[in-house]
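Student: take a look and give me a structure for this.
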Amino acid sequence: MLGLSQEELGFRANLDRTYISGVERGIRNPSLTALVSLANGLGITVSELLDGLEGMIAKPNE
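Tutor: All right, here's what the predicted structure looks like:
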């Protein structure tokens, strides 16, 4: 954990804090461009950001 606030991540990723809040709460679906910005702001790759996401998404017919 980096311990970043939404405001700090927003500054680093050049995204608005309210947008980051919406993504965290599942209200907003980030575009690929936003995912790249978030990954850059966190100092990781998009692949690392999305790693494990598959296990968090319900698969059809489950």
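Student: all contacts plus neighbour counts: C-alpha atoms, from now on.
Tutor: Noted.
Student: helix or strand: which one has residue 49?
Tutor: For residue 49, the host element (DSSP states H and E) is helix 46-50.
Student: just the CA coordinates for that helix, please, in CSV.
Tutor: The C-alpha coordinates for helix 46-50 follow below in CSV (Å, rounded to 0.1, in the frame of the first residue of the first chain):
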residue,chain,number,x,y,z
VAL,A,46,-1.4,-1.2,-16.3
SER,A,47,-0.8,-4.9,-16.2
GLU,A,48,0.1,-4.7,-12.5
LEU,A,49,-3.0,-2.5,-11.9
LEU,A,50,-5.3,-5.0,-13.5
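Student: helices or strands up against that helix?
Tutor: With contacts taken as 3 or more CA pairs under 8 Å, 6 or more residues apart in numbering; DSSP states H and E, helix 46-50 sits against helix 32-42.
Student: report all helices and strands that the helix it packs on contacts.
Tutor: Where contact means 3+ CA pairs under 8 Å, 6+ apart, helix 32-42 is packed against helix 6-13, helix 46-50.
Student: what part of this structure, helix or strand, is modelled with the least confidence?
Tutor: Ranking every helix and strand in the chain by mean pLDDT, DSSP states H and E puts helix 53-56 at the bottom, with a mean of 72.
Student: low-confidence regions, the protein specifically.
Tutor: 1, 52, 58-62 (pLDDT under 70).
Student: could the helices and strands packed on helix 32-42 go into a markdown table alongside mean neighbour count?
Tutor: Shown next, in a markdown table, are those (neighbours: other CA atoms under 10 Å):
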| stretch | mean neighbour count |
| --- | --- |
| helix 6-13 | 18 |
| helix 46-50 | 13 |
